[in-house]
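A.B. asks: next input, structure requested:
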Amino acid sequence: MSDPVVVIATVHPAPGRRAEVLEVIAGNVPTVHSEDGCETYAVHTAEDPERVVFVERWSSADALAAHAASPHMAATNERLAPMLAAPTEVFTAVAVPLGDPGKGAF
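C.D. replies: Predicted coordinates for the structure are as follows:
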């Protein structure tokens, strides 16, 4: 069994389009939450209105790969494309639990 994978993804809405971007994302979240291996899929806005940040945790690299290849993600990404000012940035990581076990890993 592989280690859980943490994903930090940043979406860059075009100026004035953050509300539309969040509406599209909101329509997809329940489907993502029901995917096998989805442990966390949380959306955050930043002070910068041209940035929406996802913090995700997947039970394995295989679960993340299945999510990324899913038809609903392809459809969501297609809907978002004209609303974005820059490509989405995705960073994946495996936790290195240090310090307090309850606080040192996600």
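A.B. asks: which residues are contacting the longest helix seen in the chain?
C.D. replies: As assigned by DSSP state H, the longest helix anywhere in the chain is helix 18-33. With contacts defined as CB atoms under 8 Å, 6 or more residues apart in numbering, helix 18-33 is touched by 11, 13, 38, 41, 43, 45, 49-50, 52, 67, 72-73, 76, 79-80, 83-84. From N, CA and C alone the C-beta is placed, and that goes for glycine too.
A.B. asks: apply 7 Å and report the result again.
C.D. replies: Defining contact as CB atoms under 7 Å, 6 or more residues apart in numbering, one finds that helix 18-33 is touched by 11, 13, 38, 41, 43, 49, 52, 67, 72, 76, 79-80, 83.
A.B. asks: could you verify that Val11 is part of a helix?
C.D. replies: No. Counting by DSSP: H, G, I helix; E, B strand; the rest coil, Val11 is located in no helix; its state is strand.
A.B. asks: who's it bridged to?
C.D. replies: Legend: beta-bridge partners of Val11 under DSSP bridges are Val52.
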